[in-house]
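Novice: Here's my sequence, what's the structure:
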Amino acid sequence: MTTPVQTQTVTLSAAAAEVVRGMFQQRNLDDTYALRVYVSGRTCSGLQYGMALDNKPSETDSSFESEGLKVLIDEQSIQYLAGVTIDYIDDERGKGFLVENPNVLPSCSCEGGSCGSSEN
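Specialist: Next up, the predicted model:
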């Protein structure tokens, strides 16, 4: 049994929800499946996020709905995902999911603060 979340942690945009529904359809998945959202690591520019289609929630997962889709979050990731919005973009930046997390500012933890810089 999953633990219900009192407030919606992750919000899917209509575009993101449409793409996820398309993934469910393409794979012939039924309504026992949910979108799992998780933090998969940290880089010098911030958190890395992952998503998967999952029908085996853990007892410690939190579960809620966004845009009519069930969303699962594991107990370790939920602390980092409060207020996150997931959108789907298809523009000059590329095509894919865009995670906007208002709680985490991009930062550089590289030694000497030299992320992305090059010496001449």
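Novice: Can you name the residues bridging to residue 41?
Specialist: Counting by DSSP bridges, residue 41 is bridged to residue 48.
Novice: try residue 90
Specialist: Beta-bridge partners for residue 90, by DSSP bridges, are residue 95.
Novice: what's the neighbour count on it?
Specialist: The local packing of residue 90 (other C-beta atoms under 10 Å) involves 10 other residues. C-beta coordinates here come from the backbone N, C-alpha and C atoms, glycine included.
Novice: pLDDT wise, what is it at?
Specialist: Predicted confidence (pLDDT) for residue 90: 93.
Novice: Tell me how far it lies from residue 15.
Specialist: Distance, residue 90 to residue 15, by C-beta to C-beta, to the nearest Å: 8 Å.
Novice: what does residue 33 give?
Specialist: Distance check for residue 33 against residue 15: by C-beta to C-beta, it reads 20 Å.
Novice: out of those two, which sits in the more crowded spot?
Specialist: residue 33 (19 against 16).
Novice: pretty sure that one is touching residue 52, no?
Specialist: No - here residue 33 lies out of contact with residue 52, judged by C-beta atoms under 8 Å, at a distance of 9.9 Å.
Novice: ok, residues contacting the helix or strand encompassing residue 37?
Specialist: According to DSSP states H and E, residue 37 maps onto strand 34-43. Residues outside strand 34-43 that contact it (C-beta atoms under 8 Å, 6 or more residues apart in numbering): 10, 12, 20, 47-55, 57, 63, 69-74, 76-77, 80-81, 84, 86.
Novice: and if we set it to 6 Å?
Specialist: For strand 34-43, contacts defined as C-beta atoms under 6 Å, 6 or more residues apart in numbering pick out 10, 20, 47-48, 50-52, 54, 69-74, 77, 80.
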